[in-house]
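# Here you go, sequence then predicted model.
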Number of protein chains: 2
Amino acid sequence: MNAEIIAVGSELLLGQIANTNAKFISSQLSELGVNVYYHTVVGDNAARLEEVIAVAEGRADIIIFSGGLGPTKDDLTKETIASHLGAELTFDEIALTYIEGFFERLGRPMTENNRKQALVLAGCEVLANHHGMAPGMILEQNGKTYILLPGPPKELEPMFQFEAKPKLASHLTDGAVILSHVMRFYGIGEAELEVAVQHILDTQTNPTVAPLASDGEVTLRITAKVANEQEATALIDAKVAEIQAIVGQFQYGINDDSLASKTVETLLAKNLTIAAAESLTAGLFQSELAEVSGVSGTLVGGVVTYNQQMKTEQLGIAPELFAEYGVVSSECAAAMAQSVRAKFGTNIGVGLTGAAGPDTHGGQPAGTVWIGISVEGQEVQTYKLQLSGMRNTNRLRAVKFTCSYLLRLLNEK
Amino acid sequence: MNAEIIAVGSELLLGQIANTNAKFISSQLSELGVNVYYHTVVGDNAARLEEVIAVAEGRADIIIFSGGLGPTKDDLTKETIASHLGAELTFDEIALTYIEGFFERLGRPMTENNRKQALVLAGCEVLANHHGMAPGMILEQNGKTYILLPGPPKELEPMFQFEAKPKLASHLTDGAVILSHVMRFYGIGEAELEVAVQHILDTQTNPTVAPLASDGEVTLRITAKVANEQEATALIDAKVAEIQAIVGQFQYGINDDSLASKTVETLLAKNLTIAAAESLTAGLFQSELAEVSGVSGTLVGGVVTYNQQMKTEQLGIAPELFAEYGVVSSECAAAMAQSVRAKFGTNIGVGLTGAAGPDTHGGQPAGTVWIGISVEGQEVQTYKLQLSGMRNTNRLRAVKFTCSYLLRLLNEK
């Protein structure tokens, strides 16, 4: 079984909003093992909509529509499908009662065009809308499944997840279980990772192994489709072990982990506190950690010392250090890490100094970064990066590399 | 002239990412007066990609592709187009040199598959990629315009805006000049703004006026399409004046301004230095300012004091203040702003304290934020926010409101 998702709405074609509905529905369908081969977006135009329906019928078993179920003249999805299939539109009494009640609760008069929202395709299963007025529909005809959903994501998402998906699952009779597992890597490029596991990618069948890169991170998604969950887990575990044997040193987490969430989780598990002194990142490292709820159990705080004078005044770094090694140096990063750890009384101190770009800084080219990590009772560690991105990509990469080095250090202990 | 946008990538069909490229390109094309009638998404599959190209050729003049230009075997957009059009692929020497240099600067070996990224369609105009390796292409053939762009938004967006769009504009020969001007607002909701300028929105023709909201900001895009630039500017200026008379107090900038860039620009113009003490935002305010190149002329640094003890130890705030007013209070925000200004010796100090969520903090509900701004020689100002978003939306909103209040204060002087 394969599906096509057709989003209807001129606001998508004008670039006012992104098609997040297609993303949501696709991720839900992948859990059901339904392959999605196409997304289509078309405007509020009956002729063009009917054409894309005909194209979709030629290549998909399940056609899912989002948008165009509302009260205005622009909303013409169900009217166009009805005309295309030669189906009638009839009032759904439950939906009509709900819509009338909606206006009553609001204390506003119901304009006539709102009644139109209760019209459904004759013979369909109606999908209740608990977050808006227009109901959804599932219709089986000529061996195809048509699913109509409202456009607003806060209506579409719960309707698909709780109304359409269970009905669709019961239509899919092959009984297979689909399990996915994501391995997350940092510090290795996409091409480099693919070369390293090329023989696995070339021979993958079940489970499948798919690489994806974004923001300097690379993931491998491993998906097994078999008769039962136990068998799927066994297939995935074996593949994970095979991959870890090759590039395990670059893996920092799984599934929904982020570098920041994994760092905070590890610090909390080990009962360690942390402080940071930041120059080029100017607070971004601390802010990224603070995105994680519960971070107050480990993040005490820190300083931003954006210029050399503040590194001396706030952190007590001797001007002689700058004269000898420069402000962008292993020695400066180490001193920042040690000083902020002492100043804030934490187990771990992090120091970040560098040239974010576009200009050189402290005699170093743009993209040069030094990271210092001071762990209580251990020798301070420093790491050099030579990045090649734009200013803010470099700043974010510096933060992500800091998390990945910190994680390795914590996991070594 | 009308366009279709074809995004290539199985990660889109799996629901791992949304098709933000189609949104971006569509909004850019609407500025050029090009109608977009369809978006299509197809996976990394040559046969299906070739089918959607054939469908698009039947209904669009301009076909824009995103994705599938990378180094891996999955990347097959240009190979499929070449095969479909009977075109050759040839190495672009400039791109090849750039890619080799990229690996050299990184100090990493270049694997062979990366060379493939320098292959371009014979006879095309090459679009330089300043943020990644794969170049883009424009090809005219059989009366159609084919534009190929890389998938990562940070590569695609500048390439489209600065390389493809000007070339496309010069291909569009109707002789009209299209000028756009964006007014940027903060501190007013989209619905509220629309109601205030409803009569302008209802009667707009040329120039057109289009509202757009994102991340708490609202913009109005004013677009004039006339015979010459002078006339376009006059039309836009008149409309801007009309809008400013109604909601001018909420406007903070124009075009590509951001709240952070406008704040840094204003501070630099007034020759003022700034420091910040941050609690719930944990460095995000300083980091947002530091996104702006040249910020070192005004941002000196600051502290993150994530817990109450650090507010006392690092900023010298008396424990009695917390006992009397709480840590999330006007008094605490004011004390943080004043203390960090003194400690870092700047003209301006900012203090941020609050409950980011999901939990209450300092006896205040999630979303309560106090902002303190201390300007040298003036009485400290404080501002309260009651936000209703998720944790990280609240943290970002707090930073944006801080910039907007600071801008108003600076512009009053």
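Received it, and whenever you're ready, just let me know what you need. Numbers count the residues shown, from 1 in each chain, chains lettered A, B, ... in the order given.

# OK, contacts around the residue lying closest to A:Phe102 once chain neighbours are set aside?
Nearest residue to A:Phe102 in three dimensions, chain neighbours excluded: A:Met133, at 5.8 Å (Cβ to Cβ, 6 or more residues apart in numbering or on different chains). From N, CA and C alone the C-beta is placed, and that goes for glycine too. By Cβ atoms under 8 Å, 6 or more residues apart in numbering or on different chains, the contact list for A:Met133 reads A:Gly70, A:Pro71, A:Ala95, A:Tyr98, A:Ile99, A:Phe102, A:Asn114, A:Gln117.

# For chain B, state which of the residues you listed is nearest.
A:Gly70 (17.1 Å; Cβ to the nearest Cβ).

# would you say A:Gln249 is within a helix?
Yes. Counting by DSSP: H, G, I helix; E, B strand; the rest coil, one finds A:Gln249 located in a helix.

# so how far is A:Ala196 from it?
Counting by Cβ to Cβ, to the nearest Å, the gap between A:Gln249 and A:Ala196 amounts to 11 Å.

# more neighbours, these two?
In this view A:Gln249 and A:Ala196 are compared by other Cβ atoms under 10 Å in any protein chain shown, and A:Ala196 has more residues nearby, 16 against 10.

# Give me the pLDDT for the residue nearest to A:Phe102.
With respect to pLDDT, A:Met133 has a value of 88.

# Is there a neighbour count for the closest residue to chain B within chain A? I'd like the number.
Distances from chain A to chain B, computed as Cβ to the nearest Cβ, single out A:Gly283 as the nearest residue at 2.2 Å. Each residue near A:Gly283 was counted by other Cβ under 10 Å, and the total is 31.

# In space, what's closest to it - neighbours in sequence excluded?
That would be B:Gly283: by Cβ to Cβ, 6+ apart, it lies 2.2 Å from A:Gly283.

# same check, this time on A:His171
Excluding the flanking residues, the one nearest A:His171 by Cβ to Cβ, 6+ apart is A:Thr145, at 6.7 Å.

# Let me see the ranges of the strands in the stretch 101-250 of chain A.
According to DSSP state E, counting those that start in this stretch, the stretch 101-250 of chain A carries its strands in the segments A:119-121, A:125-127, A:136-141, A:144-149, A:177-186, A:208-214, A:217-226.

# quick one: strands adjacent to whatever helix or strand A:Val304 lives in?
In the assignment (DSSP states H and E), A:Val304 maps to strand A:299-305. When sheet partners are counted by DSSP bridges, strand A:299-305 sits next to strand A:274-278 (parallel), strand B:299-305 (antiparallel).

# Pretty sure A:Tyr306 sits against B:Gly301.
Yes. Distance between A:Tyr306 and B:Gly301: 4.5 Å, which falls inside the contact criterion (Cβ atoms under 8 Å).

# hey, what's in contact with both of those two?
In the contact map built from Cβ under 8 Å, 6+ apart, the residues linked to both A:Tyr306 and B:Gly301 are A:Ala282, B:Gln286.

# out of those two, which sits in the more crowded spot?
Per other Cβ under 10 Å, whichever of A:Tyr306 and B:Gly301 has more neighbours is B:Gly301, with 29 against 25.

# So which bits of the stretch 301-413 of chain A are right by chain B?
For the stretch 301-413 of chain A, the contact set with chain B under Cβ under 8 Å from any Cβ of the partner chain comprises A:301-307, A:310, A:314, A:343-344, A:356-359, A:367, A:386, A:388-393, A:395.

# Among these, which are located in helices?
Within these, residues falling in helices by DSSP state H are A:Met310, A:Gln314, A:Lys343, A:Phe344, A:Arg391, A:Asn392, A:Thr393, A:Arg395.

# Can you read off the pLDDT for the third one?
The one in question is A:Lys343. Taken from the predicted model, the pLDDT recorded for A:Lys343 is 97.

# For it, the count of nearby residues, please.
In terms of burial, A:Lys343 registers 21 neighbours under the definition other Cβ under 10 Å.
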